[in-house]
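S.K.: Got a sequence here, can you model it:
(2 chains)
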Amino acid sequence: MKPSSNKLRRAVHRTALAAFCASAGLAPALAQSVPGPVTYQLDPNHTFVTFEVLHFGTSTLRGRLGPVTGEVTIDRAARSGDLRLRIPMATLNTGLRVLDARLKQPDLLATTEYPEAYFVATRFQFDAAGGVKEVRGEFTLRGVGEPLSLVARSFACRHDDMLRKEVCGGDFEADLKRGRFGATFGEPFVSDDVHLVIQVEGIAP
Amino acid sequence: MKKLSLLVAALGFFAAAAHAESATYAIEPSHSFATFEIGHFGTSTNRGRFNKTTGTVTLDKAAKTGALDVTVDTTSLDTGTAAFTKHISSDEILNVAAFPTAHLVANKFVFSADGKVTEIAGNLTLLGKTNPVVLKAQNYNCYQSPMIKREVCGGDFDTTIVRSQYGVSYGLNYGFPDSMHLVIQVEAVKQ
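M.R.: As a prediction, the model looks like this:
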């Protein structure tokens, strides 16, 4: 995605957030402040990874993975966190079955041999208001681990009236080179650069 | 008078030459998807993709004009969560049983100096209601496909629509945003 698109997305998110906070009368970053570490279970209805890769320098091919399962522990007072998530590769969905089947082959995602991808992260950065700003860790795909940084485009916590629990989450983005994980088929017609767009929400106990 | 008729003839010639550059492209459904993005309680972004899009695009690169007529099958919605897909498809929101298609018609194409489409303005019909939309290009390119041996043109476009203008007001009173972002991948094959 070009910067203009990201700018637009951020603007959309800010507008949505402002509208929500105005209607609910909440402070934007954190709905409540809890001392000590809290472990949030990732919400399968609101936790997905979408990958974006440029096709023939022309249009962006997208695929969705998830629901992603896992948990994240956040200690706001200590400004630390611990994230462990598993991505079931069989959930790959581009909207096109033949493409899904092709992407699962050994020269791309090799999903038979490597049925899950993992992200484990312990380096959390928080903004002044206590929201998660960046999460750095190790991403393992096709059995190859590489450093990966997830940058927050939005992050907020709320008290969810339906679940009667605190929910924290946001939108994160990351960039990787698929060749480093050995998924090289189709380069350079299909780019080596892969952009990840991640929706995540976690539910407090 | 003679000069005028020469001018008319010359204009006619150039118009004909420009017209000869006009070509029709068929939307390639395997590389054409519309995805909506809408905020979820100010926390994260929910996404849904429509899996079936068909239509045609006419491009005249010399005259820098274009037109498109695209139909999105709203029954092909896919969010990754069956309950969410079902709810959005229901008569509370997109009512796909009564309105199984969304229709985009546009004939105002803006080109950059180097001949790339930068913007497309037209009308979007959703749930039987029509409103103007402007799609902005984030990427645009034409290439010769080595597989099908034809020219393919396409790109990434996006726009933000106000859903209540189409009569979709569900959840506005609980803080679900009225504006939603549409992200469109499109490729079309020269006929």
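S.K.: When you work out contacts or count neighbours from here on, use the C-alpha atoms and nothing else.
M.R.: Will do.
S.K.: Low-confidence regions, chain A specifically.
M.R.: A:1-34 (pLDDT under 70).
S.K.: Kindly recompute the last result at 90.
M.R.: In the predicted model of chain A, residues A:1-36, A:129, A:161-162 satisfy pLDDT under 90.
S.K.: after the helix or strand of chain B with the lowest mean pLDDT comes which helix or strand?
M.R.: When each helix and strand of chain B is scored by mean pLDDT, DSSP states H and E, helix B:2-20 comes last, with a mean of 50. For helix B:2-20, the succeeding helix or strand toward the C-terminus, using DSSP states H and E, is strand B:22-27.
S.K.: by contact count, what packs against the following helix or strand past that next one?
M.R.: Sequence order places strand B:33-40 as the next helix or strand after strand B:22-27, per DSSP H and E. Under the contact criterion of 3 or more C-alpha pairs under 8 Å, 6 or more residues apart in numbering or on different chains; DSSP states H and E, strand B:33-40 touches helix A:3-24, strand B:44-50, strand B:179-190.
S.K.: From the contact counts, what lies against the last one?
M.R.: To tie it back to what came earlier, the one meant is strand B:179-190. strand A:59-65, strand B:22-27, strand B:33-40, strand B:151-162.
S.K.: Out of the ones you listed, the one nearest A:Ala183 is which?
M.R.: strand A:59-65 (15.0 Å; C-alpha to C-alpha).
S.K.: Would you mind putting the CA coordinates of that closest one into PDB?
M.R.: Provided in PDB are the C-alpha atoms of strand A:59-65 (Å, rounded to 0.1, in the frame of the first residue of the first chain):
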ATOM      1  CA  SER A  59      -3.000  -4.800  -8.500                       C
ATOM      2  CA  THR A  60      -2.900  -6.200  -5.000                       C
ATOM      3  CA  LEU A  61      -3.700  -9.800  -4.400                       C
ATOM      4  CA  ARG A  62      -5.100 -10.400  -0.900                       C
ATOM      5  CA  GLY A  63      -5.600 -13.500   1.200                       C
ATOM      6  CA  ARG A  64      -7.000 -14.000   4.600                       C
ATOM      7  CA  LEU A  65      -5.700 -16.300   7.300                       C
END
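S.K.: Show the backbone phi and psi for residue 164.
M.R.: As the question left the chain open, I've gone with chain A. Per-residue torsions, A:Arg164: phi 60, psi 40 (degrees, to the nearest 10).
S.K.: To clarify, I was referring to chain B.
M.R.: phi -70, psi -20.
S.K.: my read: it touches B:Pro177, true?
M.R.: No - using C-alpha atoms under 8 Å as the test, B:Ser164 is too far from B:Pro177 to be in contact (9.9 Å).
S.K.: Have a look at those two and say which one is more surrounded.
M.R.: Counted by other C-alpha atoms under 10 Å in any protein chain shown, B:Ser164 and B:Pro177 do not tie: B:Pro177 has more neighbours, with 27 against 13.
S.K.: With chain B as the reference, measure out to the closest residue to A:Thr140 other than its chain neighbours.
M.R.: Spatial nearest neighbour of A:Thr140, chain neighbours left out: A:Tyr118 (5.1 Å); criterion: C-alpha to C-alpha, 6 or more residues apart in numbering or on different chains. A:Tyr118 sits 20 Å away from chain B, going by C-alpha to the nearest C-alpha, to the nearest Å.
S.K.: swap in A:Leu54?
M.R.: Taking C-alpha to the nearest C-alpha, one finds A:Leu54 at 9 Å from chain B.
S.K.: Could you grab the helix/strand/coil label for that residue?
M.R.: Following DSSP: H, G, I helix; E, B strand; the rest coil, the label given to A:Leu54 is strand.
S.K.: got a list of contacts for the helix or strand encompassing A:Arg136?
M.R.: Taking DSSP H and E as the criterion, A:Arg136 maps to strand A:132-141. Residues outside strand A:132-141 that contact it (C-alpha atoms under 8 Å, 6 or more residues apart in numbering or on different chains) are A:109, A:114, A:116-127, A:145-152, A:155, A:181.
S.K.: Report the buried members of these.
M.R.: A:109, A:114, A:116-122, A:124-126, A:145, A:148-152, A:155, A:181 (16 or more other C-alpha atoms under 10 Å in any protein chain shown).
S.K.: Select from those residues every entry located in strands.
M.R.: Of the positions in these, A:116-122, A:124-126, A:145, A:148-152, A:155 sit in strands, assigned by DSSP state E.
S.K.: Is it correct that A:Tyr40 is in contact with A:Pro205?
M.R.: Yes - counting by C-alpha under 8 Å, A:Tyr40 does reach A:Pro205; the two are 6.7 Å apart.
S.K.: B:Asn123: what's its closest spatial neighbour, skipping adjacent residues?
M.R.: Nearest one to B:Asn123, counting by C-alpha to C-alpha, 6+ apart, is B:Pro132 at 4.3 Å.
S.K.: residues contacting the one you found?
M.R.: Listed by C-alpha under 8 Å, 6+ apart, the contact set of B:Pro132 reads B:Ala121, B:Gly122, B:Asn123, B:Leu124.
S.K.: From those residues, list the buried ones, please.
M.R.: The neighbour count (16+ other C-alpha under 10 Å) marks B:Ala121, B:Gly122, B:Asn123, B:Leu124 as buried among these.
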